[in-house]
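1. Here is a sequence together with a model predicted from it:
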Amino acid sequence: MTWLLALDIDGTLAPIAETPSDARVPAEVLADLRKLAARPDVHLVFLTGRDGAAAYRLVPIPQATFAPEHGACIYAPGELKAWLDEGGKAPPLGPALLEWEKRCNPPEGALIERKTTSLALHTRRLQPGDATKALESAATLAESLGLAVLRGRGVVEVAERLASKRDALETIAASIQPQRLSYIGDDTTDIDALLWVQQQGGEAYFVLSPERPTSPHPDLATLATISEVWAWIGSHVQTSRAGPKISSC
Ligand SMILES: [Mg+2]
């Protein structure tokens, strides 16, 4: 049985930190993920808003498939590490993104993260009222420049075209044809992929958080805390592999 296990990273594997560079996946969780990735029946996928380099820093597991920047790029097993080993050079950002970066002018304490195909404004160090104002003004500026906007937990992402985790997951699943499909995520950008997994008969869990304390959709199952995600992963490491096939002859 092939199991496609797809996971978001921030808020799902790594607790949300004040700045993106402070986030870490606990060593025990990484060890469990490595054990799952080593199993021939498991296809591990990381679907994240991070860029490839940041995603790989958080979960350095070469056997996994990576779909960074909300699925704007998809790296098959080994490809992301190979690209990073070669220097990880990305094409330059387009003029509208550079203009947004120049004019965004975030308040002190906020920061702009540069990714491969997109930019993100992070406001976790601001007071909630100031953060909302900064995020809205950044989103309005992006829309006036014709850019696509994705709103997340204390962050606004801007890109030339809107990528979708659902599209990335559908593409990956089509190439793997798994018998079992699971996805866990914690933010509004995960909902389309979670609902799609559920429609396919898979397991989908939304991770609750102070910013998202209830399920965003009545049909979605939830995990109450990030520790429950870690326990769920740990419980599957212990699960024995499928037994040998019984011949019908
Ligand atoms: Mg997340």
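-> Good, I have the coordinates.
2. what ranges do the strands span in the protein?
-> Using DSSP state E, the strands of the chain run over 3-7, 42-47, 65-67, 111-114, 118-122, 148-152, 155-159, 180-185, 203-207, 221-223.
3. now for the ones you listed, which one comes closest to the ion?
-> Ranking these by their distance to the ion (criterion: C-beta to the ion) puts strand 180-185 first, at 5.8 Å. C-betas here are computed from N, CA, C, even on glycine.
4. anything in that closest one near the ion?
-> No: residues of strand 180-185 are not located near the ion by C-beta under 5 Å from the ion, the shortest gap being 5.8 Å.
5. In its sheet, which strands sit next to that strand, and in what direction?
-> Strand pairing for strand 180-185, determined by DSSP bridges: strand 3-7 (parallel), strand 203-207 (parallel).
6. Distance from the chain centre to the last one, please.
-> Between the mean C-alpha location of strand 203-207 and the chain-wide mean there is a distance of 13 Å, by C-alpha atoms, centre = their mean, to the nearest Å.
7. Give me the buried stretch members for that strand, please.
-> Within strand 203-207, the residues that count as buried by 16 or more other C-beta atoms under 10 Å are 204-207.
8. What residues does the protein have near the ion?
-> Counting by C-beta under 5 Å from the ion, the chain sits next to the ion at 8, 10-11, 186-187.
9. Could you point out which of the residues you listed is nearest to Leu98?
-> Relative to Leu98, the closest of the residues of the chain next to the ion is Asp10; by C-beta to C-beta it sits at 25.3 Å.
10. For the closest one, list each beta-bridge partner.
-> For Asp10, the beta-bridge partners are Ala14 (DSSP bridges).
11. where's the closest residue to Arg50 other than its chain neighbours relative to Leu84, distance?
-> Of all residues not flanking Arg50 in the chain, Pro68 sits nearest, at 5.5 Å (C-beta to C-beta, 6 or more residues apart in numbering). Distance of Pro68 to Leu84, computed by C-beta to C-beta, to the nearest Å: 11 Å.
12. Need the residues touching each of the two.
-> Gly52 (C-beta atoms under 8 Å, 6 or more residues apart in numbering).
13. ok so, going back, ramachandran coordinates for the residue nearest to Arg50?
-> In terms of degrees, to the nearest 10, the main-chain angles of Pro68 are phi -80, psi 170.
14. So it is in contact with Arg57, correct?
-> No: using C-beta atoms under 8 Å, Pro68 makes no contact with Arg57, being 11.3 Å away.
15. who has more neighbours, these two?
-> Pro68 (28 against 14; other C-beta atoms under 10 Å).
16. And the spatially most central residue of the chain, how close does it get to Ser144?
-> Against the mean C-alpha coordinate of the chain, by C-alpha atoms, centre = their mean, the closest residue is Thr48 at 1.9 Å. Here Thr48 is placed at a distance of 28 Å from Ser144 (C-beta to C-beta).
17. cool, and Ala120?
-> Distance of Ala120 to Ser144, computed by C-beta to C-beta: 18 Å.
18. And for Ile191?
-> According to C-beta to C-beta, Ile191 and Ser144 sit 26 Å apart.
19. the more surrounded of these two?
-> Counting neighbours by other C-beta under 10 Å for Ile191 and for Ser144 shows that Ile191 has the greater number, 18 against 12.
20. Kind regards, and thank you for your time.
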